[in-house]
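>>> here you go, sequence then predicted model.
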Amino acid sequence: MKFQLQHTDPKTNARAGLITTDHGQVETPVFMPVGTVGSVKAVHISELKEDIGAQIILGNTYHLYLRPGLEILQQAGGLHRFNSWNKPMLTDSGGFQVFSLTDNRKLTEEGAEFQSHIDGSRHFFTPEKVIDIQRIIGADIMMAFDECTPGDADYGYAKKSLELTERWLDRCLVRFEETKCPYGHSQSLFPIVQGCVYPDLRRRAAENVASKGADGNAIGGLAVGEPTEKMYEMVELVNGILPADKPRYLMGVGKPENLLEAIERGVDMFDCIMPTRNGRNGQIFTRQGIMNMRNEKWKDDFSPLEEEGASFVDTLYSKAYLRHLINVNEILGLQIASIHNLAFYVWLVEEARRHIVAGDFSTWKPKMIENITRRL
């Protein structure tokens, strides 16, 4: 994987770059739709490519390991062939999913033992096994195994957690160097910066990660319960240490305004389930603000979702029609909402890139945040 830094905003740390992988190029900043179990919920591959304009998507190591399982993925020739996505792909390490199984997992120096949320069966992830799983999945970008520290963790816990993550990272790097992708294309491994909300821990973690010389670096353990301003503070601190010539990936973030604030602080890559999850619950993000499609006010509003939207569904369907579909739990409503929200997120970061290149990002961003956070 290669990264070319193409433009930097003159008044902020916002950047525009180009990632090149064996499955194609990705212009940054970029939003990556989340395909947890090998698909982005309710969205067809052709819609991802043509209507949403996704450049890269995610797969989830924990979920894909459980279902369909490594044997099926290997027989298929990897996730690219299994789900027919021929563009770049990233996999997370499963660390966040194991973190979320608080009552059904046990961490040791060796790894993490956990119970499947599906059938209660017990499994054990080590740093080495997580690398092996991601090799079999075949993603272009892999994540190191880490413990995602809760946002409200005390200092002592956060420090021990970071130390464990750092030791696991060293083992991930050794295993990565010992193995190859079974499908012939190159893969990159991103370390993850942890450290909770404690500046000295984040600084230590970022310095350690930067010293590894990886193709890119991730920032984890944010948007997990800490105040939003604290998240921005940690992002700014970490990005002041991580190398400027490598892409920076802020994991699991977040609201549209969070993306723009993080871009201003030098983040290049994002993912979040919010556009699809919130869409399925009737929340629609637009350039004018946020709509709750279950509200009575949209019942007889036959205007399009957006006059100049980012996707074909924006002008094809009315607010009244989408409200009807969502209120009667029609599957098409979930599909329309998911396509719309994903297209909006992709459009938003592409628009940010355009203003970075034009040199006026710092004046465009506050006006855009004012628009997109308005409740309609």
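Cool, got the structure. Remember, predicted model here, so these are calculated numbers, not experimental data.
>>> wait, a helix at Asn329?
No. The secondary structure assignment for Asn329 gives coil rather than a helix, going by DSSP: H, G, I helix; E, B strand; the rest coil.
>>> give me the neighbour count for it.
8 (other Cβ atoms under 10 Å). (Each C-beta comes from the backbone N, C-alpha and C, glycine too.)
>>> distance of it relative to Arg277?
Asn329 sits 16 Å away from Arg277 when distances are taken as Cβ to Cβ, to the nearest Å.
>>> in the stretch 51-200 of the chain, where is pLDDT below threshold?
Counting by pLDDT under 70, the stretch 51-200 of the chain has low-confidence residues at 99, 102.
>>> for it, which segments count as helices?
61-66, 70-76, 79-83, 95-100, 127-137, 155-178, 199-210 (DSSP state H, counting those that start in this stretch).
>>> just send the ones you listed back as JSON lines, with mean neighbour count too.
Converted to JSON lines, these look like this (neighbours: other Cβ atoms under 10 Å):
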{"stretch": "helix 61-66", "mean neighbour count": "23"}
{"stretch": "helix 70-76", "mean neighbour count": "14"}
{"stretch": "helix 79-83", "mean neighbour count": "19"}
{"stretch": "helix 95-100", "mean neighbour count": "22"}
{"stretch": "helix 127-137", "mean neighbour count": "23"}
{"stretch": "helix 155-178", "mean neighbour count": "18"}
{"stretch": "helix 199-210", "mean neighbour count": "19"}
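>>> go through those and name the closest to Gly35.
If you check each of the helices of the stretch 51-200 of the chain against Gly35 by Cβ to Cβ, helix 79-83 wins as the nearest, at 7.3 Å.
>>> now do that closest one: everything it contacts.
The list of residues contacting helix 79-83 from outside it, by Cβ atoms under 8 Å, 6 or more residues apart in numbering, reads 23, 35, 38-39, 45, 59, 64, 68, 72-73, 76, 85-86, 89, 91, 137-139, 183.
>>> list buried residues within these.
23, 35, 38-39, 45, 59, 64, 68, 73, 85, 89, 91, 137-139, 183 (16 or more other Cβ atoms under 10 Å).
>>> taking those residues together, which two end up most distant?
His23 and Pro68 (20.8 Å).
>>> before we move on, the earlier item: reformat the helices of the stretch 51-200 of the chain as CSV; add distance to Trp298.
Below are the helices of the stretch 51-200 of the chain laid out as CSV (distance: least, Cβ to Cβ, whole Å):
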stretch, distance to Trp298
helix 61-66, 34
helix 70-76, 42
helix 79-83, 34
helix 95-100, 34
helix 127-137, 41
helix 155-178, 44
helix 199-210, 43
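>>> of all the buried ones among the contacts of helix 79-83, which comes closest to Glu257?
Taking Cβ to Cβ as the measure, Glu257 lies nearest Gly35 of those, at 24.3 Å.
>>> great, nothing more from me.
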